[in-house]
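Student: coords below, sequence missing:
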């Protein structure tokens, strides 16, 4: 009888351990699925980061080009202002000469 009780207890324990093993396997499968999703997200973020970096570099190049154009335009505007001032000065000098 005692042996039968031990066998029954061992069978119950074996059943419990098999249940725990199945739960652990299921948990492992869920963890592996989560890991795959996380790895996919990491890859996607890496690709997006790479694209953002490339876009940033393009924007910086465009900004440098715009600044160069702005500087050139500023120089032209200055020269136009100087030419206008010179023209006004010459006109005033011409009027003085014509009055004399």
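Tutor: Now that the structure is in, tell me what you want to look at. It should be emphasised that the depicted structure is a prediction, and the values quoted were computed from it without experimental measurement.

Student: okay, CA-based contacts and neighbour counts for the rest of this
Tutor: Fine.

Student: Can you read off the pLDDT for residue 62?
Tutor: If you check residue 62, the pLDDT there is 98.

Student: Could you report the separation of it from residue 56?
Tutor: Per C-alpha to C-alpha, to the nearest Å, residue 62 is found 10 Å from residue 56.

Student: now residue 73
Tutor: Distance from residue 73 to residue 56, counting by C-alpha to C-alpha: 25 Å.

Student: same question, residue 4
Tutor: 76 Å.

Student: ranges for the helices of the chain?
Tutor: 2-99 (DSSP state H).

Student: What pLDDT is listed against residue 2?
Tutor: pLDDT at residue 2 comes out at 89.

Student: scratch that, residue 78
Tutor: 95.

Student: same deal with the one 4 residues further on?
Tutor: Per-residue confidence at residue 82 stands at 95 (pLDDT).

Student: so how many other residues sit close to residue 96?
Tutor: Close neighbours of residue 96, defined as other C-alpha atoms under 10 Å, add up to 10.

Student: same deal with residue 76?
Tutor: 12.

Student: Can you tell me how far it is from residue 68?
Tutor: From residue 76 across to residue 68, the span is 12 Å (C-alpha to C-alpha).

Student: Tell me which of residue 4 and residue 56 has more neighbours.
Tutor: The neighbour comparison of residue 4 against residue 56 (other C-alpha under 10 Å) goes to residue 56, with 12 against 9.

Student: which residues does the more buried one contact?
Tutor: Listed by C-alpha atoms under 8 Å, 6 or more residues apart in numbering, the contact set of residue 56 is empty.
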